[in-house]
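[1] Quick one: sequence plus predicted model below, questions after.
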Amino acid sequence: MKKTVLLAAVATLASASAWAEFPEKPVTIVVPFAAGGPTDKVARDFADVLRKSLNNQTIVIENVGGAGGTLGAGKVAKAAPDGYTLLLHHIGMATSPALYRSLPYKTEEFEFLGLINEVPMTLIGKSTLPANSYAELSKWISTNGAKVNLANAGLGSASHLCGLLFQSTIKVDMTTVPYKGTAPAMTDLLGGQVDIMCDQTTNTTSQIEGGKVKAFAVTTSKRLTSPALAKLPTLDESGLKGFNVSIWHGLYAPKGTPKPVVDKLNTALKAALKDPEFIKREEALGAVVVTDNRTNAAEHKRFVESEIAKWTPVIKAAGQYAD
Ligand code: ASP
């Protein structure tokens with residue numbers, strides 16, 4: 001073996017053994033939205049199983065809400081690249097670059113650790129709305145126009161994307177009300193301070209089941225199969241032809257995180273996604289755990305790039321920007 005090849009092999013072994021015990025202290029997962037919301041719920045359930053493959057280390061969830069998830073993502077991009085600060089984020093990784101003229105991070109500033117799940121969304125309204133079907137809601141919105149308050153989790157959030165497409169499809173500009181996450185938005189919807197919202201089934205299923213909110217439609221192209229949501233029509237079959245929004249969550253580390261740590265986190269992620277308890281919890285909330293090759297770092301990255309390419313022209317056509 002040539003001397004340079006030997007030296008490289010020795011260096012790789014040395015760096016792998018330096019990280020062999022990772023993690024030796026608690027790992028923080030930053031959730032870029034408020035506690036109690038759908039991203040937070042996925043992160044807490046996921047962390048519960050992830051830790052089993054990470055020396056049973058404590059995983060701390062840190063909620064850094066604001067600016068549609070971009071503040072939390074920016075915080076992780078600038079964190080020490082040692083595997084102890086991670087980001088669990090959703091489709092905002094693909095939509096924010098099209099929505100903001102400047103972001104506190106670049107997509108290239110992350111290591112991709114694997115996709116976790118896919119989650120449909122639902123269009124819901126406060127319980128006192130004078131509408132009991134999508135057709136009635138549509139009439140009520142046309143009559144009230146800008147007086148309708150549409151809640152979201154800020155520019156770049158999933159609820160924002162869904163609400164933006166909804167408004168541009170029906171050609172009505174409503175008044176959008178941004179929150180640090182859809183947990184506080186749901187509190188206001190339950191209290192009747194806002195009228196409607198588009199949000200993940202992971203946050204809406206129990207409120208729909210409990211009759212606390214009115215559910216008008218699902219945003220996917222096909223009806224859902226979960227018992228609580230199967231009766232809901234799709235927006236597509238309700239007249240909004242081609243409407244199809246489903247979101248996803250993935251795990252990220254700051255760029256430059258050592259390869260042995262990235263590999264260990266990816267192996268732990270794959271093990272967590274096979275955990276029957278996690279799969280069951282996600283299914284009950286209408287989410288689907290990813291089992292295909294997007295759980296690999298390279299495929300996860302390619303998928304996010306394809307989502308950026310897919311959503312950028314759609315967002316630009318819908319005509320919305322932030323600074
Ligand atoms: N559901 C939120 C969104 O619209 C985020 C959250 O609160 O988890 O992106």
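    That came through, no problem. Here the structure is a predicted model, which is why all the values come from computation and not from measurement. Residues are numbered from 1 along each chain as shown.

[2] quick one: the helices in the stretch 51-200 of the chain?
    For the stretch 51-200 of the chain, helices defined by DSSP state H, counting those that start in this stretch occupy the ranges 70-77, 92-99, 134-144, 158-170, 182-190.

[3] Give me the average confidence score over stretch 110-121.
    Regarding stretch 110-121, the rounded mean pLDDT is 97.

[4] what separates it from the chain centre, distance-wise?
    Remark: stretch 110-121 is offset 7 Å from the chain centroid, using C-alpha atoms, centre = their mean, to the nearest Å.

[5] What of stretch 213-232?
    19 Å.

[6] which other residues reach that stretch?
    Identification of contacts with stretch 213-232 by C-beta atoms under 8 Å, 6 or more residues apart in numbering yields 120-127, 129, 131-134, 137, 162, 189-190, 198, 201, 204-205, 207-209, 233-236, 238, 243-246, 283-284, 286. (Glycine included, C-beta is placed from N, CA and C.)

[7] for the residue nearest to the spatial centre of the chain, what are its contacts?
    The chain has H90 as the residue nearest its centroid, 2.4 Å off, counting by C-alpha atoms, centre = their mean. Going by C-beta under 8 Å, 6+ apart, H90 touches T39, G69, V119, A158, I247, W248, H249, G250.

[8] For G69, which residues are in contact?
    P32, F33, T39, H89, H90, G92, S96, A153, G154, G156, S157.

[9] mind running it again at 10 Å?
    In this structure, G69 makes contact with 31-33, 39, 87, 89-93, 95-96, 153-158, 160, 180-181, judged by C-beta atoms under 10 Å, 6 or more residues apart in numbering.

[10] can you check G210 too?
    Shown in contact with G210 (C-beta under 10 Å, 6+ apart): A228.

[11] before we move on, what about A34?
    40, 63-66, 153, 179-187.

[12] for W19, same thing?
    By C-beta under 10 Å, 6+ apart, the contact set of W19 is D82, G83, T257, P258, K259, P260, V261, V262, D263, K264.

[13] Leaving out the residues flanking it, which one is nearest to it?
    Nearest non-adjacent residue to W19, counting by C-beta to C-beta, 6 or more residues apart in numbering: P260, 4.2 Å away.

[14] State the helix or strand in which the one you found lies.
    helix 259-273 (DSSP states H and E).

[15] Point out the other helices and strands that that helix packs with.
    Packing partners of helix 259-273 (3 or more C-beta pairs under 10 Å, 6 or more residues apart in numbering; DSSP states H and E): helix 3-18, helix 38-50, strand 110-126, strand 246-254, helix 276-284, helix 297-318.
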